[in-house]
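starting from these lines, generate the structure:
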Amino acid sequence: MQVKHNDMIVEAWQISDDTAPAVWVQDALQKGIVTWQSKADNQLRLHEPDSIGNCGDYLIKNGPAFKIVKAPEFNSDYQTLG
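Numbering: from 1, shown residues only. Reported below is the predicted structural model:
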């Protein structure tokens, strides 16, 4: 989904194994940018910068850059579009 952060539009995906990831998330998984640290616990690992997101947190893509944002920060700092 597209979200607004400050004045930028970025892509966001809520970490979950219940829904099919967006195409850009599938691509990041295939390229090894992110991997399932523990799929049983819905933990997604981002390798650069090294961080782990839990179920309910968000993977953010801004151009070529990725980051994991915890749910409370996402809810306060990001605005969903559409």
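
pull out the buried positions in the helix or strand of the chain with the lowest mean pLDDT.
Here the helix or strand of the chain ranked lowest by mean pLDDT, DSSP states H and E is strand 34-38, holding a mean of 85. Buried residues in strand 34-38, counted by 16 or more other CB atoms under 10 Å: residue 34. Heads up, the C-betas are built off the backbone N, CA and C, glycines and all.

run me through the strand neighbours of it, direction for each.
The strands beside strand 34-38 in its sheet (DSSP bridges) come out as strand 43-47 (antiparallel).

in the partner strand, what's buried?
So strand 43-47, judged by 16+ other CB under 10 Å, has buried residues 43, 44, 46.

and that strand, what's its mean pLDDT?
If you average the pLDDT over strand 43-47, you get 92.

which element follows it toward the C-terminus?
strand 50-53 (DSSP states H and E).

which residues touch that following strand?
Strand 50-53 has contacts (CB atoms under 8 Å, 6 or more residues apart in numbering) with 15, 37, 43, 44, 45, 46, 59, 67, 68, 69, 70.

again, 7 Å this time
With CB atoms under 7 Å, 6 or more residues apart in numbering as the test, strand 50-53 has contacts from 15, 37, 43, 44, 45, 59, 68.

between those, which is closest to residue 29?
Lowest distance from residue 29 to the contacts of strand 50-53 (CB to CB) belongs to residue 44, with 8.9 Å.

thought that closest one was touching residue 36?
Yes - Residue 44 lies in contact with residue 36 (CB atoms under 7 Å); the separation is 6.2 Å.

wait, is residue 10 part of a strand?
Yes - Residue 10: assigned to a strand according to DSSP: H, G, I helix; E, B strand; the rest coil.

pull the contacting residues for it.
3, 60, 61, 62.

how long is stretch 36-49 end to end?
Terminal residues of stretch 36-49 lie 15 Å apart, using CA to CA, to the nearest Å.

apologies, that question was intended for stretch 10-27.
Distance between the two ends of stretch 10-27: 16 Å, counting by CA to CA.

buried stuff in it?
10, 11, 12, 13, 14, 15, 21, 25.

out of the residues you listed, which is nearest to residue 80?
residue 12 (8.0 Å).
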